[in-house]
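> With the input below, show me the fold.
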Amino acid sequence: MRRRSVLADLVTYAILIVSVLCALFPIYWTLLTSLKTRRDSFAVPPKFFGFDVTFDNYTKLFADPKFLRVYANTILVTLQSTLLVVIVGSLAAYALARSPRFAGRRPLEVSLILLRAMPAVVLIVPLYELAARFGLLGKMPTLVIVYAVFALPFAIWIMTPFFISIPTELEESAQIDGASRFQIFTRVVLPLATPGLAATAIFVALLEWNEFLVPVVLGSEKTKTLPVLISGFISARTLDWGPMAAASSLAIIPIVIVTVLVQRRLISGLSAGALKD
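Residues are numbered from 1 along each chain as shown. Coordinates of the predicted model:
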């Protein structure tokens with residue numbers, strides 16, 4: 001039995017190690033390609049070692065004011081839309097968590113995730129028509145609102161279990177002390193739901209940071225984001241692996257930093273979200 005247990009552990013760890021390596025290899029290869037010259041990036045077979053390390057791809061990006069503007073656009077759109085989603089989503093999720101049971105509640109909750117599962121390409125044409133009719137094409141608020149609308153059902157679906165897990169006795173005690181419903185929500189419920197809000201914000205930010213279809217259809221040159229810029233390195237005649245890999249590497253940094261900073265809250269939030277009624 002002990003030998004079988006040890007063998008099972010070895011197999012489990014081997015599978016986990018292989019899975020991690022497979023997940024990290026694209027990131028490693030992107031970083032490696034960003035440090036290669038154009039000739040080395042097209043070398044066959046690919047060079048893992050023995051190539052001339054260069055930072056020209058990064059210096060060219062930072063020397064281009066267009067790239068810095070696009071980077072700033074991506075950060076601003078992601079922050080603003082994520083904040084909007086967390087604010088509106090927390091209100092809606094709290095209302096669902098504390099509302100009495102009714103006949104259509106379960107279909108309503110299921111429909112929230114089905115809305116998120118709907119391909120964005122289904123909605124992008126009518127959204128384009130609306131934005132064009134009201135003169136909102138190529139404007140930053142348009143991207144922020146559309147990003148938030150697409151991510152809101154997912155955020156509500158994720159945050160509702162967090163509010164359900166908070167004991168109602170705490171709210172009743174605050175209500176006895178004379179607190180209003182808004183005070184109860186902001187001073188009692190939200191502090192306890194902070195791990196869940198952090199976890200939701202991370203997932204929403206990931207979705208919005210990588211969004212491509214919305215900015216490429218509804219955006220303009222002034223509101224271009226990183227996914228659109230990175231795709232621009234692919235043309236009909238050539239593919240600039242070096243600059244594209246450098247831009248992709250820089251696009252990973254903000255999400256990695258934020259995830260590391262809120263790692264504890266993210267883990268505790270995921271654990272708390274497992275508690276459901």
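> Give the residue spans of the stretch 151-277 of the chain that score low on pLDDT.
Scanning the stretch 151-277 of the chain for pLDDT under 70 picks out the ranges 264-277.
> Show me the helices in it, by range?
168-176, 181-184, 190-192, 194-209, 213-218, 226-231, 241-261, 263-272 (DSSP state H, counting those that start in this stretch).
> Check the burial of the nearest residue to D52 once chain neighbours are set aside by counting its neighbours.
In this structure, D52 finds its nearest non-sequential neighbour in T37, 5.9 Å apart by CB to CB, 6 or more residues apart in numbering. In short, each C-beta sits where N, CA and C put it, glycine included. For T37, the count of nearby residues is 15 (other CB atoms under 10 Å).
> repeat for the one 4 residues further on
Using other CB under 10 Å as the criterion, S41 is surrounded by 22 other residues.
> on that earlier part again, got the phi and psi for the residue nearest to D52?
When read as degrees, to the nearest 10, the backbone of T37 gives phi -80, psi 170.
> residues contacting it?
Applying CB atoms under 8 Å, 6 or more residues apart in numbering, one finds that T37 lies in contact with 51-52, 54, 56, 242.
> Can you tell me how far it is from S220?
T37 sits 34 Å away from S220 when distances are taken as CB to CB, to the nearest Å.
> ditto for P141
Distance from P141 to S220, counting by CB to CB: 13 Å.
> A251 now?
As defined by CB to CB, A251 lies at a distance of 20 Å from S220.
> Find the residue closest to the residue most central in space within the chain in space, skipping its chain neighbours.
Within the chain, one residue has its C-alpha closest to the average C-alpha position: by CA atoms, centre = their mean, that is L206, at 1.2 Å. If the residues on either side of it in the chain are set aside, L206 comes closest to I255, at 6.3 Å by CB to CB, 6+ apart.
> Look at G178 and say how many residues are nearby.
Around G178 sit 7 other residues, with neighbours defined as other CB under 10 Å.
> How about D240?
Other residues within reach of D240, judged by other CB under 10 Å, total 17.
> Please verify my assumption that it contacts G232.
No: taking CB atoms under 8 Å as the definition, D240 is not a contact partner of G232, at 9.3 Å.
> Could you find the closest non-adjacent residue to V189?
Closest residue in space to V189, ignoring its immediate chain neighbours: I166 at 6.0 Å, by CB to CB, 6+ apart.
> In contact with that neighbour, which residues are there?
Applying CB under 8 Å, 6+ apart as the definition, the contact partners of I166 turn out to be 97, 189, 192-193.
> Just among those, which is most surrounded?
When the contacts of I166 are compared by neighbour count (other CB under 10 Å), A193 ends up highest, at 23 neighbours.
> Report the separation between it and R69.
Taken as CB to CB, the spacing of A193 relative to R69 amounts to 36 Å.
> Give me the more crowded residue out of A251 and S220.
Comparing A251 with S220 by other CB under 10 Å, the one with more neighbours is A251, at 19 against 13.
> In contact with that one, which residues?
With CB under 8 Å, 6+ apart, A251 has these contacts: 74, 209, 226-227, 230.
> one more time with 7 Å
Contacts for A251 (CB atoms under 7 Å, 6 or more residues apart in numbering) come out as 226, 230.
> go on, N73?
When the contact criterion is CB under 7 Å, 6+ apart, the partners of N73 are 223-225.
> Select from these the one having the most neighbours.
Using other CB under 10 Å as the neighbour definition, the contacts of N73 reach their maximum at T225, which records 27 neighbours.
> Double-check that residue against A72; I have them as touching.
No: taking CB atoms under 7 Å as the contact criterion, T225 and A72 are not neighbours in contact, 10.1 Å apart.
> I figured A151 was touching L84, is that so?
No: if you go by CB under 7 Å, A151 and L84 don't touch, sitting 9.1 Å apart.
> Neighbour count: those two, which is higher?
The residue with more neighbours, out of A151 and L84 and counting by other CB under 10 Å, is A151; that gives 25 against 19.
> Tell me how far that one lies from F25.
Separation of A151 from F25 (CB to CB) stands at 29 Å.
> just E109 next, same as before
Distance, E109 to F25, using CB to CB: 38 Å.
> Look at those two and report which has more neighbours.
Taking E109 and F25 together and counting by other CB under 10 Å, E109 has the greater number of neighbours (15 against 10).
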